[in-house]
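Novice: can't give you the sequence, but here's the structure:
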């Protein structure tokens, strides 16, 4: 199979089943998936709203009559947007400082970081300064009756949302350490009248502005919620099997979903519209992630592959695992590098320019049994969840039964993973998420694995584990 695959036949297949309207009023218009700027919410003021500045306006020849239809040149637009961007950076940096003073060095450093981030090359050196949290600092929120399968944290780090096999959704206040809202699960057969899920919730995502919360279940449904009030806004239907992963493209309301039906679907939440279906995986898709670019990355389970879907180019990049194992989870470190977890107890580090792993760490959660030994317990420690502190050198992973979450340091060339610290967590850690401010790692814990009931740890507690990260810079 080639590294670059052009989806010439896929597009036609997707159009046959394309449904632009689900329920409710007709959308104002389908989203333009060819544009690079889909979902960007920048509002450009009209000329009539901007007071003229004689020093910045271009000189006009005598007898020239201006009109409202005049448009600024490309150079004028670039200059205006650059000034707006610099003002925005100054305001953000000023808000973070007590003295409200921002010098040119701070702005220059921020600009360099933004350029590196857009190019997928930003890596903040934080791993060496990560301190081991005390056991009493690790918090456990309990409220679900069954295993917690998915968690997300709000962009402002004020609230945590969790989904479970008991079909319920809970919104938590991180500061008050209590429930804010509970959406109880319903019984099978009550789908038409129950507001919420009636099947195991497997996936969850929140938009970058904290406006929308998306949840997916084994009944092939995707519910869209108002993240503030927890009011059900819409239900997307279209997948033919369990919805195993959800992610919002950063700074947009474009939603990507993956399923056991081996497809990836794109939705426009503002328009409540379906956009497109992408095909390529040969087995169940078990995980998905995305950042700012119009791309999504997925793990393909037993088809032994990871795929990056380039939406605009209508193509995909295929990455093959180091052995014939199941790739169960994946997470982006930045736009150029990512990490994956496999069922053979290994973690792999990847770059988008190479189809093979840059580094593979075997026996990441437990040692192999000695040769000739009948102890096969190491095989049960497959990697159930991975997470990356974006644009840094810190990643985290969880093994299914080894009772801990491990933190790793990525080398500057992304060719080596080194262990940093380990935090004890009882039970199956089914998901991991770093908060946007990098102060917490949130995990969903349960007595069972999120996708099955191969084992059950009766000593474990179903809940959310909150690990504070003390980075001494």
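Specialist: Nice, I can see it. As the structure is a prediction and not an experimental result, all values here were calculated from the model.

Novice: low pLDDT regions in the stretch 51-200 of the chain?
Specialist: Where the stretch 51-200 of the chain drops to pLDDT under 70, the residues are 51-70, 89, 93-107, 109-110, 112-113, 116-121.

Novice: kindly recompute the last result at 90.
Specialist: 51-137, 187-193 (pLDDT under 90).

Novice: ok, which stretches of it are strands?
Specialist: 130-131, 139-141, 148-153, 159-164, 169-173, 178-183 (DSSP state E, counting those that start in this stretch).

Novice: and the pLDDT at residue 382?
Specialist: At residue 382, the predicted lDDT confidence score is 84.

Novice: make 589 the starting number, not 1.
Specialist: With 589 as the first residue, the last one maps to residue 970.

Novice: nearest residue to it other than its sequence neighbours?
Specialist: residue 931 (3.7 Å; C-beta to C-beta, 6 or more residues apart in numbering). C-beta: built from backbone N, CA, C; applies to glycine.

Novice: how much space separates that neighbour from residue 889?
Specialist: Residue 931 sits 9 Å away from residue 889, going by C-beta to C-beta, to the nearest Å.

Novice: now the strands of the stretch 639-788 of the chain in JSON lines, with distance to residue 869 and mean neighbour count?
Specialist: Shown next, in JSON lines, are these (distance: least, C-beta to C-beta, whole Å; neighbours: other C-beta atoms under 10 Å):
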{"stretch": "strand 718-719", "distance to residue 869": "35", "mean neighbour count": "16"}
{"stretch": "strand 727-729", "distance to residue 869": "34", "mean neighbour count": "17"}
{"stretch": "strand 736-741", "distance to residue 869": "20", "mean neighbour count": "26"}
{"stretch": "strand 747-752", "distance to residue 869": "23", "mean neighbour count": "26"}
{"stretch": "strand 757-761", "distance to residue 869": "28", "mean neighbour count": "21"}
{"stretch": "strand 766-771", "distance to residue 869": "31", "mean neighbour count": "15"}
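
Novice: would you tell me which of those gets closest to residue 905?
Specialist: Minimum separation from residue 905 across the strands of the stretch 639-788 of the chain (C-beta to C-beta) falls at strand 736-741, 26.0 Å.

Novice: could you check the angle strand 747-752 makes with that closest one?
Specialist: 160 degrees (axes from the mean of the first three to the mean of the last three C-alpha atoms, to 10 degrees).

Novice: dump the residue contacts of residue 833.
Specialist: 790-791, 804, 845-847, 873-876, 886 (C-beta atoms under 8 Å, 6 or more residues apart in numbering).

Novice: try residue 1041
Specialist: Counting by C-beta under 8 Å, 6+ apart, there are no residues that residue 1041 touches.

Novice: helix, strand or coil for it?
Specialist: Classification of residue 1041 by DSSP: H, G, I helix; E, B strand; the rest coil places it in coil.

Novice: and it, how far from residue 1035?
Specialist: Residue 1041 is 9 Å from residue 1035, by C-beta to C-beta.

Novice: ok, now residue 665?
Specialist: 57 Å.

Novice: what about the two, which has more around it?
Specialist: A side-by-side neighbour count of residue 665 and residue 1035, using other C-beta atoms under 10 Å, places residue 1035 first with 19 against 12.

Novice: does the more buried one touch residue 1018 like I think?
Specialist: No: counting by C-beta atoms under 8 Å, residue 1035 sits too far from residue 1018 to count as a contact (10.6 Å).

Novice: shared neighbours, the two?
Specialist: In contact with both residue 1035 and residue 1018: residue 735, using C-beta under 8 Å, 6+ apart.

Novice: first to last residue in stretch 819-838, what's the distance?
Specialist: This stretch, stretch 819-838, spans 23 Å end to end (C-alpha to C-alpha, to the nearest Å).

Novice: mind naming the longest helix for the chain?
Specialist: Taking DSSP state H as the criterion, the chain has its longest helix at helix 662-683.

Novice: that one - contacts with which helices or strands?
Specialist: helix 692-706 (3 or more C-beta pairs under 8 Å, 6 or more residues apart in numbering; DSSP states H and E).

Novice: tell me which of the contacts of residue 833 fall in strands.
Specialist: 790-791, 804, 845-847, 875-876, 886 (DSSP state E).

Novice: and these, which is closest to residue 918?
Specialist: Distances from residue 918 to the ones in strands among the contacts of residue 833, taken by C-beta to C-beta, are shortest for residue 875, at 5.0 Å.

Novice: thinking again about what came up before, overlap in contacts of residue 1041 and residue 1035?
Specialist: Between them, residue 1041 and residue 1035 share no contacting residue, judged by C-beta under 8 Å, 6+ apart.

Novice: how about the nearest residue to residue 729, chain neighbours excluded?
Specialist: Per C-beta to C-beta, 6+ apart, closest to residue 729 is residue 1052, 4.2 Å.

Novice: any idea which element the closest residue to residue 814 other than its chain neighbours lies in?
Specialist: Excluding the flanking residues, the one nearest residue 814 by C-beta to C-beta, 6+ apart is residue 821, at 5.8 Å. Per DSSP states H and E: residue 821 is located in strand 820-825.

Novice: tell me if residue 1017 really is in a helix.
Specialist: No: Residue 1017 sits outside any helix when classified using three-state DSSP, being strand.

Novice: which residues does residue 867 bridge with?
Specialist: Note on residue 867: beta-bridge partners by DSSP bridges are residue 851.

Novice: would you confirm that it contacts residue 851?
Specialist: Yes: here residue 867 reaches residue 851: they are 5.6 Å apart, a contact under C-beta under 8 Å.

Novice: so those two - more neighbours on which side?
Specialist: residue 851 (23 against 16).

Novice: and the residue nearest the centre of the chain?
Specialist: The chain has residue 877 as the residue nearest its centroid, 4.4 Å off, counting by C-alpha atoms, centre = their mean.

Novice: that one and residue 884, how far apart?
Specialist: Going from residue 877 to residue 884 by C-beta to C-beta gives 7 Å.

Novice: who touches both of those two?
Specialist: residue 835.

Novice: how about the residue nearest to residue 814, what does it touch?
Specialist: Per C-beta under 8 Å, 6+ apart, neighbours of residue 821: 800, 812-814, 860.

Novice: any idea how far residue 857 is from it?
Specialist: Residue 821 is 8 Å from residue 857, by C-beta to C-beta.

Novice: find the residues that touch each one of those two.
Specialist: Between them, residue 821 and residue 857 share the contacting residues 800, 812, judged by C-beta under 8 Å, 6+ apart.

Novice: return the set of buried residues in the helix or strand where the residue nearest to residue 729 lies.
Specialist: Under the criterion DSSP H and E, the helix or strand holding residue 1052 is strand 1051-1056. Of the residues in strand 1051-1056, 1051-1055 count as buried by neighbour count, 16 or more other C-beta atoms under 10 Å.

Novice: just stretch 1026-1034 next, same as before
Specialist: So, applying 16+ other C-beta under 10 Å, buried residues of stretch 1026-1034: 1026, 1028-1034.

Novice: looking at those, which are in strands?
Specialist: 1028-1034.

Novice: what's the closest of those to residue 758?
Specialist: So of these, ranked by how close each gets to residue 758 (C-beta to C-beta), first place is residue 1032, at 11.1 Å.

Novice: low-confidence regions, the stretch 939-1061 of the chain specifically.
Specialist: Short version for the stretch 939-1061 of the chain, where the test is pLDDT under 90: 943, 950-951, 953-970, 978-979, 987-991, 1014-1015, 1025-1026, 1037-1047, 1058-1061.
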